[in-house]
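J.: Just a sequence and a predicted model for now, questions to come.
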There are 2 protein chains.
Amino acid sequence: MTVPSPEHTADAAGSDDAARPDDVAPLEDVVQIRRSMPQASVERLPGYLRVLTELSSHGVTSASSQQLAELAGVGPAQLRKDLSHLGSHGRRGVGYDVDTLRERVQTALGLVVELPVAIVGAGNLGHALANYSGFGARGFTVVALLDASPALVGTEVAGVVVEDVARLAEVLRDLEVAIVVIATPGDQAQRVCDVVVGAGVREILNFAPRALHVPEGVELRSVDLGSELQILAFHSRERSGRPQG
Amino acid sequence: MTVPSPEHTADAAGSDDAARPDDVAPLEDVVQIRRSMPQASVERLPGYLRVLTELSSHGVTSASSQQLAELAGVGPAQLRKDLSHLGSHGRRGVGYDVDTLRERVQTALGLVVELPVAIVGAGNLGHALANYSGFGARGFTVVALLDASPALVGTEVAGVVVEDVARLAEVLRDLEVAIVVIATPGDQAQRVCDVVVGAGVREILNFAPRALHVPEGVELRSVDLGSELQILAFHSRERSGRPQG
DNA sequence: AACTGTGAATGACTTCACAGCC
DNA sequence: GGCTGTGAAGTCATTCACAGTT
């Protein structure tokens, strides 16, 4: 982690202290990605967008925070605070204009243009993801599908020809892929991840059951189906058995 | 503030579940499931279990919080605090015994016995989930797969014959299903969910792109693939474009 | 000397409650 | 009257830092 901080350390160029006594300046703090919105709020925006899209398609033009929150499964105060980070778009005493707000949320989420997605791993899960209509319906296009198995390379899945994963970096650059979905077995995930990062992609969604390491500045989200079940199992046990074994 | 949660679906088979005295409790305060462990810690346990299992299979018998944390992708202090909720199992000056700790975490997660899982929806996703080896490998058995489509009912997927979703409640009770995975289209998810809850199942994993409502006491986790991509898209935009549109 | 376990400090997120506007 | 937008208060989670143990 290299942190260039050309501020008050002007004369310290020669003596790069190895001992480092009681240093007063925590250097790592300087690099702050400007978080215009709390992460927790960002994670709820897609839910709001879904609700707004649904209402809009049913011809509803206006809704209160109460109604929207109910549909999205959150509290009204939380929804209002989340939306307030996008600016004021409601009308006091009235509510929110559904279409205006929908566009606003959509813009905030960067869904103005279709984003090209590549899926690595064409096994069970990769296959299902490529066919998943939810992607196309929500602003993403699967432009590439890659796998290591010679049996799969060259076959067509969901209208896309499966490429050899050896060509990964090349494909990512040629197609200007914005987001990569990793759906490989666990033991290949980190290697694939490194290649993806090396190719300049900075948004990764990982389905492999491994903790992946990415450099600063790369956004990684992980979904592990097995873990989800295990978390549920914890609560199941907490209920029926007594706590602590 | 009207919080409508009067749903108490007629739980017919409630014989041993008599732990509900008539408390004149004020509001939200009383309905506290005894959280022996913070939810955030629970959500990290599966990751620790995976690391411990891996180390164990490689013949490693001991590890420090530093090492475990690195592999799990968290900080050492956080890992220690998480594990402390399970009791003291490390040795100061030494570290943790891998096998002992693995068993302890496994027990805490309720994975002593195989838990029977049912999947509702045998489309792309349900199909992939049924075939997903990660489930079987981590303490779960898919005992039923159900769908509404006559074309699918009766076919065999992953060694299980697809049942008609009309028989859902019956199947759940007959097979004593502990956890239900909902992988239906969004517009059927709440209906399925209600049946599942009515049948007495209290752990639900939802993949449908809808916010589901469940009564108090039912644990619901939702994974929405489209939302995950949208969250990544947000960060992608935050980087390249200027903030606020 | 090395490392855990944990109170205390900090930080993040949620909820409250009300001023301001329609 | 109804509803949003938001500072303030409250709750939950992470990180620090060190006493305690081997």
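T.: Perfect, thanks for sending it.
J.: what about A:Val143, which helix or strand?
T.: A:Val143 belongs to strand A:140-147 when assigned by DSSP states H and E.
J.: Would you mind pulling the contact partners of that strand?
T.: Strand A:140-147 is contacted by residues A:114-123, A:126, A:129-130, A:135-136, A:153, A:157-158, A:160-165, A:167-168, A:171-172, A:175, A:177, A:179, B:226, B:229, B:233 when judged by C-beta atoms under 8 Å, 6 or more residues apart in numbering or on different chains. From N, CA and C alone the C-beta is placed, and that goes for glycine too.
J.: Try it again at 6 Å.
T.: Applying C-beta atoms under 6 Å, 6 or more residues apart in numbering or on different chains, the contact partners of strand A:140-147 are A:114-120, A:122, A:130, A:157, A:160, A:162-163, A:165, A:168, A:171, A:175, B:229.
J.: Name the residues of that strand that are buried.
T.: Using 16 or more other C-beta atoms under 10 Å in any protein chain shown as the test for burial, strand A:140-147 gives A:140, A:142-147.
J.: gap between that strand and the chain center?
T.: Centroid displacement of strand A:140-147 relative to its chain, using C-alpha atoms, centre = their mean, to the nearest Å, is 17 Å.
J.: neighbouring strands for that strand, and are they parallel or not?
T.: strand A:115-120 (parallel), strand A:160-164 (parallel) (DSSP bridges).
J.: quick one: contacts of the shortest one?
T.: Surrounding strand A:160-164, the residues in contact under the criterion C-beta under 6 Å, 6+ apart are A:122, A:145-147, A:152-153, A:155, A:171.
J.: tell me which residues form a beta bridge with A:Asp97?
T.: With DSSP bridges applied, A:Asp97 shows beta-bridge pairing to A:Ser62.
J.: How many neighbouring residues does it have?
T.: The burial count assigned to A:Asp97 is 16, neighbours taken as other C-beta atoms under 10 Å in any protein chain shown.
J.: out of the contacts of strand A:140-147, which are buried?
T.: Neighbour-count burial within the contacts of strand A:140-147 applies to A:115-120, A:122, A:130, A:157, A:160, A:162-163, A:165, A:168, A:171, B:229; the criterion is 16+ other C-beta under 10 Å.
J.: Can you add distance to B:Leu83 and pLDDT and give the buried residues of strand A:140-147 back as CSV?
T.: Output for the buried residues of strand A:140-147, formatted as CSV (distance: C-beta to C-beta, whole Å; pLDDT from 0 to 100):
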residue, distance to B:Leu83, pLDDT
A:Phe140, 39, 96
A:Val142, 40, 96
A:Val143, 43, 97
A:Ala144, 41, 98
A:Leu145, 40, 98
A:Leu146, 38, 98
A:Asp147, 38, 98
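J.: Would you map the strands across chain A?
T.: If DSSP state E is used as the criterion, the strands of chain A fall at A:62-63, A:90-91, A:95-97, A:115-120, A:140-147, A:156-157, A:160-164, A:179-182, A:203-206, A:219-222.
J.: Quick one: these as a markdown table, columns for distance to A:Arg191 too.
T.: Formatted as a markdown table, these follow (distance: least, C-beta to C-beta, whole Å):
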| stretch | distance to A:Arg191 |
| --- | --- |
| strand A:62-63 | 47 |
| strand A:90-91 | 48 |
| strand A:95-97 | 46 |
| strand A:115-120 | 10 |
| strand A:140-147 | 13 |
| strand A:156-157 | 22 |
| strand A:160-164 | 14 |
| strand A:179-182 | 10 |
| strand A:203-206 | 13 |
| strand A:219-222 | 15 |
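J.: among those, which is nearest B:Asp187?
T.: strand A:62-63 (19.6 Å; C-beta to C-beta).
J.: And DNA strand C, is that closest one touching that?
T.: No. Strand A:62-63 stays clear of DNA strand C (C-beta under 7 Å from any atom of the strand), getting no nearer than 11.5 Å.
J.: Which strands or helices does that strand pack on?
T.: In terms of contacts (3 or more C-beta pairs under 6 Å, 6 or more residues apart in numbering or on different chains; DSSP states H and E), strand A:62-63 is packed against strand A:95-97.
J.: Tell me the helices and strands packed up against the strand it packs on.
T.: With contacts taken as 3+ C-beta pairs under 6 Å, 6+ apart, strand A:95-97 sits against strand A:62-63.
J.: what residues does the strand it packs on touch?
T.: Counting by C-beta under 6 Å, 6+ apart, A:95-98 sit against strand A:62-63.
J.: Spatially central residue for chain A, please.
T.: A:Arg221 (5.2 Å; C-alpha atoms, centre = their mean).
J.: hang on, it packs against A:Glu203?
T.: No. Here A:Arg221 lies out of contact with A:Glu203, judged by C-beta atoms under 6 Å, at a distance of 8.5 Å.
J.: on that earlier part again, next, format the strands paired with strand A:140-147 as TSV and append mean pLDDT and distance to A:Glu43.
T.: Output for the strands paired with strand A:140-147, formatted as TSV (pLDDT from 0 to 100; distance: least, C-beta to C-beta, whole Å):
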stretch	mean pLDDT	distance to A:Glu43
strand A:115-120	97	18
strand A:160-164	98	29
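J.: Distance to B:Arg50 added to those strands, as TSV?
T.: Shown next, in TSV, are the strands paired with strand A:140-147 (distance: least, C-beta to C-beta, whole Å):
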stretch	distance to B:Arg50
strand A:115-120	20
strand A:160-164	28
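J.: out of the ones you listed, nearest to B:Leu212?
T.: Closest approach to B:Leu212 among the strands paired with strand A:140-147 is made by strand A:115-120 (26.2 Å; C-beta to C-beta).
J.: is it true that A:Val180 touches A:Val196?
T.: Yes. Assessed by C-beta under 6 Å, A:Val180 is found in contact with A:Val196 at 4.8 Å.
J.: dump the residue contacts of the residue of chain A found nearest DNA strand C.
T.: Of all residues in chain A, A:Gly93 sits closest to DNA strand C, at 2.8 Å by C-beta to the nearest atom of the strand. If you count contacts by C-beta under 6 Å, 6+ apart, A:Gly93 has none.
J.: Need the pLDDT of it.
T.: Here the pLDDT value assigned to A:Gly93 is 96.
J.: separation between it and A:Pro76?
T.: Using C-beta to C-beta, to the nearest Å, one obtains 15 Å as the distance from A:Gly93 to A:Pro76.
J.: now do A:Ser84
T.: Distance from A:Ser84 to A:Pro76, by C-beta to C-beta: 12 Å.
J.: The two: who's more crowded?
T.: It is A:Pro76, of A:Ser84 and A:Pro76, that has more neighbours when counted by other C-beta under 10 Å, with 16 against 13.
J.: how about the residues of chain A near DNA strand D?
T.: Taking C-beta under 7 Å from any atom of the strand as the criterion, chain A approaches DNA strand D at residues A:64-66, A:76-77, A:80-81, A:83-84, A:88-96.
J.: what about 10 Å?
T.: Neighbours of DNA strand D within chain A, by C-beta under 10 Å from any atom of the strand: A:26, A:28, A:62-69, A:76-96, A:101.
J.: phi, psi of the closest residue to A:Gly95 other than its chain neighbours?
T.: Using C-beta to C-beta, 6 or more residues apart in numbering or on different chains and skipping the chain neighbours, the partner closest in space to A:Gly95 is A:Ser64 (4.0 Å). Phi and psi for A:Ser64, reported as degrees, to the nearest 10, are phi -90, psi 170.
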